[in-house]
Every structure is written in C-alpha cells, then in structure tokens.
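S.K.: sequence plus the predicted model coming up.
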Amino acid sequence: MLTNYFRVAWRNLLRNKVFSIINITGLAVGMAAVMLIGLWVQNEYSYDQFHVNKNSLYKVYNRSTNEGVVYTWDVTSGPLGKALQKDFSEVKNTARIYWSTERLFNYGDKSIKAAGNDVDKPFLSMFSFHLLKGNTAHALDDVNSLVLTEDLAEKLFGKEEAIGKMVMVDGKGNYKVTGVLQNLPSNTEFSFSYLTSLEANENTYGNNWNNNTYYTYVQLQQGVSPEAFNKKIEKEIIRYVPGTNTDVFLYPVAKQHLYSRFENGKPSGGRIDTVRLLLIIAGLILLIACINFMNLSTAQSGKRALEVGVRKVMGAGKAKLIAQFLCESVLMAAVAALLSLLLVWLSLPAFNQLVGQSLTLQILRPGLWLSLGVFILLTGLLAGSYPAFFLSAFKPVTVLKGANRTPGGTLNPRKALVVLQFSVALVLTISTLVVYRQIRFVQKRDAGYGVNNLAEIPIEGSIRQNYDVIKAELLNKGVVTAMCRNSLGITIDGAFSSGYSWTGSTKEDENTSFSRVGTDADFVKTTGVTLLAGRDIDINRYPYDTASVVVNEAAVAAMRLKKPVGTMINMNGTMRTVVGVIKNFIIGSPYEAVKPMVVIGTNYWTYNIVMRFGHQYSTAANLRQAEGVFKKYNPAYPFTLSFVDDEYGQKFSSETQTATMAALFAGLTIFISCLGLFGLATYMAENRSKEIGIRKVLGATVGGIVAMLSREFVGLVLIAILIATPAGWYLMHRWLEGYTYRTEIGWSVFVFAGLSAIGIAVFSVSLQAIRAAIANPVKSLRTE
C-alpha cells in the first residue's frame, strides 16, 4: 500500500510540473538555509565541549558594586588563583594565562613570529589540548620550557624531530621544546601557537592584589557544587585586601563562549542571543517554505477534487486519503532535501567566509542521514498536514456534481497564510534594517581620537633601546608627525585597577574600577585625544611624570573632582598627581559608555608604539620609509605594523556578521514568499483565464487586467505590513535596550520595508499577470 502511495505521488508530481518545481524550489531553498544555520549553531554549541574536565573547569570573575551598579570582569589579580588553591580543598588545580603575546622564534636561518600565551604549569593537565609529543604533566616544568603547535613546529623544524630542540625567543634566551600540540580546533575560545611557562615573566607582568592582569582558571574536585563553592569564596579577596567590596565567583568554561555577557552581576546572555535569533529565523524560513506548499496544494483543490470524489466512491476512507496526500508531501520534501544538500555544498565556502568558520558537510557520517531523514519526515508532515486534511474532507456528492470546493471568504486560510508569510518576512526585514542602522550609528560615534593615519608597532627586539633614534629619524624624515610608547594597543581595554583613594573619596570609591594606560610622552599629540585641562604626560621633559597621571572625563565624574588638575591620587600605595584631563575616548566597546580611565607616566610599562603618519608622503611611501628605519635598528625582526582604523573596525565585526546573516536569511524568506505568490498568481491566471478573455473582448486594457489580478495580493501585503510594523518595532526596541549607546528606530525603516515588500510582491505577481493579460482571448474562449 505504501509503495502504491508513493507511485501515485510521483505521478502527480510529474503531472503538475510547474507547481512541483515551485514547491520543490521553495522547500529546497528553505531546507538549505535551515541546514546552513544548523551547521553554524551546532558549531557554536560545541565550543570548548571537548575538554575531558569540562564539567569541573571554571573561569574566575571579579564583581564589585559602585553607586548601586554591579560591575563584572574576568581579568584577575596574580595571587588570586594560588590563594584559592591554598585556602580551599575543593580546588584541584588553578592556572593563569597572560595576554596573547607575539614573539620571534629563531632556529638556524629561520625567523618566525607567532602569537601565544604564558601559562601556569597545570594548564595542559586541566584542558584537553592534545599533546602529540611530550609529557602533559611535565611539559611546562622549567621556566624555559616551550610547547609548540604542530604547525609552528613544522615551520621551524620541517620534518626534523622538534622535542629537545633549542629555540631563541625574542633574541633574549634559548627555550627548549618540550611538547608539540595538535593544532587547536576552531571551536575553542583559546587561540595560541605556543605556550611557555608564566613563571619566567611573572614579576615583569605584575603579581599584586590590586592589579588585574591575568585570566585565572580553576578546576574543582569531583562532586563539588559550584553554587555552594561560590558562596564560600565570595569574600576571598577581602582576606588579602581588607576593606574592598570586590568579590569573586567561578563561571563554567563550557558556557564562556555563548553566555559571556553580564548585567548587574548576573549572566544575561551573549552570543547565545545570536544563536537563538538564527534558530528562530531557521524555523520561520522553514515555516514559510511549508506555507508555500500548503497554499499551492490547496490552490489546486479544484483539480484534485474529482480524484478525491472518485476515490471515496470506490471505497477509500479518509485515513487512506490523508496518508496518500502526506506521502506526496514527504516525497516532495525528500526531493527538495536532496536538492538542498547540493545547494548547501555549493554555498558552504561563501557561508564559511561570512561566519569566519570552517564548517563541513560530512556526507559519509551516518548521523547526517539519520538527521536528514527525520528532517524530511517532519518537513513533509508539517507542509502536507493542512492540504491532506483539507482535500480529504471533500464530499464525493458535491465534487462529482462539479461544485467548487475552494474556500472563499474575505480572508480564507490560504490568504491568511500569505499574510503570515509576508508578516514574518517583513519583521525580519525591519530587524535587519534596524541592526544595520545601529551599527552605522555607532560607527559614526566620535571615537574621541583620530583613528585615521594612526598605526601601531609592537616593541620587540632592539626597538626599546633604539627607540629615541628611531623616533628622531622618523620625525626628521617627515614620515610621522608624532610618536609615543603605550602599554597596550590604543583599541585594547586590557588593564584595570581599583583601590584608589583621593581627598574627599569614600571607602566605596575604592571599588571603582579604572582602565589603565601607560605612556611615556606625546600621548595626546599622537592619538589626537582632546586635552581639556592641564597638560600631557612627558617623562622626557618632566622626569617626575613617572608619578603623574592624566584622567578622562569619566574619571573626573566618578571621582567628583571640581578642580582635577593638581589632585593627588593614592594608587595602591603610589602617590600620583593629576596633571591633565582629556576628553573621553573609546577604548572598550563602542556600544557602551566610556569608563573611568587613568593614563600614567611610565618608562618601563610600555609594549607598543603608536605613530601618526604625516601627509608629506603617500601612505605607501610612509610605510616603505618606516619599514626601512625599523629594519635598520631592529634587523632581527620582521616589520609588523597594524593600522588603528582597522583594529577599531574589528569592534563592529560581531554585530556586522550578525546583521549580514540576518539580511541573507531575510532575503531568502522574501524570495520564498515571492515564489509562493508567483505560484498562486499562476494558478489564479489559469483559473480565471476565461474571465480574462471575456474582459479583453469587452475592451479591458492590459493595465486594467494586471491591476485587477494584482489588487488582491497587494491587499494581503498591506495587511502584513499592518501586523509586522508594531511587531517589528517592539522586538527591535527590546533589542536596542541592551545597548547604552543606541540609535532611534525611526519611521523610515517601516516605510522602506513596507514599500519594498509591496514592490517585490507586485513584481512577482505582475510577471504572471502580464502574461495572462496579453494572451489571445480566442484560446481561452474557444471551448465555449
């Protein structure tokens, strides 16, 4: 019986080629979109799930309250990890990680730069990064131990054995290769090409309770409740820093990729919001594709009514008819699924480039085909359920008399489904437009400094000892107009401190977290930051500026200073004098308010050079001359320069990626909806061919007939606009509330989305309407 069902289904599919092609195309495009989203979502959920100890691995966070606002951050002080392990038996292991650092590796005549991390010894035992060669427990025992990924090892040693080789690092000392790691998978938050012992540089990086410099990870003993343990360690910092109200808590490593955002001290989402958005879009795309199937199937009810009547007269029951029609929809879903696999395979390279991943379609994996089978069955049942019950309900006496069973009324189910289709498509369109509007709005926000013609170079090799002559030569050549040394990149908010006090401060003020930037001289001139009061730091002209500080507007407000210049600040035991006030500039997220910042004078805490190129030469000429100067005084290192405007642009990458994906899939929903409209218009033109012929004989114009055929569909789109406008406004208003710095939605978004929908709908319907209107009326009337 089942075989017969599918045989009949295949015949019907071939008999109605136009509608079959439209249905299969719509389903295939929808299913392909769902598969692509599914691959991406699966990858997102897999981040850092491969660690054997994932259920006992946690990242340490700080949390403090200031003026009723709870702040949360994941950069911790140096002693915290070891203190937790010493004070609590529930802690099995701890490991700190210092910022990603780019270093130069020399072996023989090979010189390669690579980025990696300094880590504590237990890191490799805690995390499941597979060591191809070496001993996991002892690979980082010595201060000069070096663990390389297989890619970096191959670049340095080729086919030679890497273990035991001595490598010169940064021209300062030889490190012994003690391990070779398998290349890191793409689904991890960690990113490094080498690991070395943190012990060697611990004193350089800083190791006191008031400076937050490291990421700290904790492995708990088996069976320990993280909730209960968090209550125990909450006041751990107070043991060592009396008076502070900064507490600590552990957060699962397995959640750090998807649930990284905190609001008022509590997890409040993160990348999971994008994942959920794409899952909703996937569901809506599939729903719209299924609606197409339902509409086109019920639109052909007149053709299938006689068949149903005959089958019922011959003894077929309602259940068998439902089974027949469901088999047809499942068969069509199966054909569409095979086509969708081809579409996914063709589009995957471009999709990978969009999402920045290396997703693959593993055709030979049994799980794929099992999932695909379930997907086909569910899609077929969803798409075919309404048509099956609708068609099987025909009364044989009625249909055999020739009565039309097509549902009528002002808003019959078919029209309602069209309205639903376009409502969904419009909401997605409105959402995409608002996301792009928000991104453009923030991109136009004043960064607070001149990002153009600004470049950065890491201080490495011989640059530090030759800095003065390098700077003088670049200035004399006119290559740069200003140059300074900084602690970190100008776009990196990577160092924080608290515990500061000043005249008039309270105990609660000591919990205020300040962003810290170190510089030597010409910071204001180089970056283009606006100086509001006082002067810039210049340790060359004012040697005592190593005890000076410049604060931003946010710091002045947080400290409630009326005359900030001259104020003495106790910064964890070091007294510093405020010599200047600068305008707020964006160093963290451009979507958020600027935080309090201190720019301190220093002649040692500098790892980055910032240069402002002049206009005397072209950018290419400036780069050539700058490279020549740096190679002259630092010949062992390659010239590594980055432009600040590119780095600043990276702050928008996540939102831009989300917006692009939303635009892509919103476009697909519109395409599928219009495909359905085209199919319905085709059916309508065929069904009303005699009416059109009579109207033409009576003098109707082509334009009038096209308007008549398009009017109904335009009306449905207008209803969809009325539904989608408030729904889209509400959803995007809620979304924008998550940003401190946000745009207004504006009426133009809804006008553009509405007019676009009407225009696309009219175009889709008009293609078939014009064809029907210009047809020879003799052909449609000659049977009368």
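M.R.: Okay, I see it.

S.K.: isn't Tyr648 right up against Val451?
M.R.: Yes: between Tyr648 and Val451 there is a contact at 5.0 Å, judged by Cβ atoms under 8 Å. From N, CA and C alone the C-beta is placed, and that goes for glycine too.

S.K.: is the residue nearest to Asp545 when sequence neighbours are not counted in a bridge, and if so with what?
M.R.: Spatial nearest neighbour of Asp545, chain neighbours left out: Gly601 (3.8 Å); criterion: Cβ to Cβ, 6 or more residues apart in numbering. Here Gly601 sits in beta bridges with Thr519, as judged by DSSP bridges.

S.K.: which ones are touching Gly601?
M.R.: 518-520, 537, 539, 545-549 (Cβ atoms under 8 Å, 6 or more residues apart in numbering).

S.K.: for Phe613, same thing?
M.R.: Here Phe613 is in contact with 453-455, 479-481, 619, 622, 626 (Cβ under 8 Å, 6+ apart).

S.K.: rerun at 7 Å
M.R.: Phe613 makes contacts with 453, 455, 479-480, 619, 622, as judged by Cβ atoms under 7 Å, 6 or more residues apart in numbering.

S.K.: got the phi and psi for it?
M.R.: Main-chain dihedrals, Phe613, degrees, to the nearest 10: phi -70, psi 140.

S.K.: repeat that for Val599.
M.R.: Dihedral angles (degrees, to the nearest 10) for Val599: phi -110, psi 110.

S.K.: checking the residue lying closest to it once chain neighbours are set aside next. Helix, strand or coil?
M.R.: Distance criterion Cβ to Cβ, 6+ apart; nearest residue to Val599, sequence neighbours excluded, is Val550 at 4.2 Å. Secondary structure, DSSP: H, G, I helix; E, B strand; the rest coil: Val550 is strand.

S.K.: buried ones in the strand or helix carrying Phe105, by neighbour count?
M.R.: Here Phe105, judged by DSSP states H and E, is contained in strand 101-107. Residues 101, 103-107 are the ones in strand 101-107 that count as buried (16 or more other Cβ atoms under 10 Å).

S.K.: just stretch 239-254 next, same as before
M.R.: Neighbour count says stretch 239-254 has 241, 244-251, 253-254 buried, by 16+ other Cβ under 10 Å.

S.K.: equivalent analysis for stretch 656-676, please.
M.R.: Under the neighbour-count criterion of 16+ other Cβ under 10 Å, stretch 656-676 has 656, 658-659, 661-666, 668-676 buried.

S.K.: ditto for stretch 212-229
M.R.: By neighbour count on 16+ other Cβ under 10 Å, the buried set for stretch 212-229 is 212-220, 224, 226, 229.

S.K.: and stretch 588-604, by the same measure?
M.R.: Under the neighbour-count criterion of 16+ other Cβ under 10 Å, stretch 588-604 has 588, 590-591, 594-602 buried.

S.K.: could you pull out the strands for the stretch 101-250 of the chain?
M.R.: Ranges of strands within the stretch 101-250 of the chain are 101-107, 110-119, 131-134, 145-149, 166-169, 173-181, 194-197, 211-220, 247-252, based on DSSP state E, counting those that start in this stretch.

S.K.: quick check: mean pLDDT of the last one?
M.R.: Here the mean pLDDT over strand 247-252 is 93, rounded to a whole number.

S.K.: now do the helix or strand just after it: everything it contacts.
M.R.: The helix or strand immediately downstream of strand 247-252 is strand 262-263, counting by DSSP H and E. Strand 262-263 has contacts (Cβ under 7 Å, 6+ apart) with 72, 268.

S.K.: quick one: strands adjacent to strand 262-263?
M.R.: When DSSP bridges is applied, strand 262-263 pairs with strand 266-267 (antiparallel).

S.K.: quick one: average pLDDT of whatever helix or strand comes next after the strand it pairs with?
M.R.: Per DSSP H and E, the first helix or strand lying C-terminal to strand 266-267 is helix 271-299. The average pLDDT for helix 271-299 rounds to 82.

S.K.: what's helix 271-299 packed up against?
M.R.: Helix 271-299 sits against helix 17-45, helix 366-392, helix 413-443, helix 653-687, with contacts defined as 3 or more Cβ pairs under 7 Å, 6 or more residues apart in numbering; DSSP states H and E.

S.K.: what residues sit buried inside that helix?
M.R.: So for helix 271-299, counting by 16+ other Cβ under 10 Å, buried means 271-275, 277-278, 281-282, 284-299.

S.K.: got the angle between it and helix 413-443?
M.R.: Angle between the axes of helix 271-299 and helix 413-443 is 150 degrees (criterion: axes from the mean of the first three to the mean of the last three Cα atoms, to 10 degrees).

S.K.: much appreciated, bye for now.
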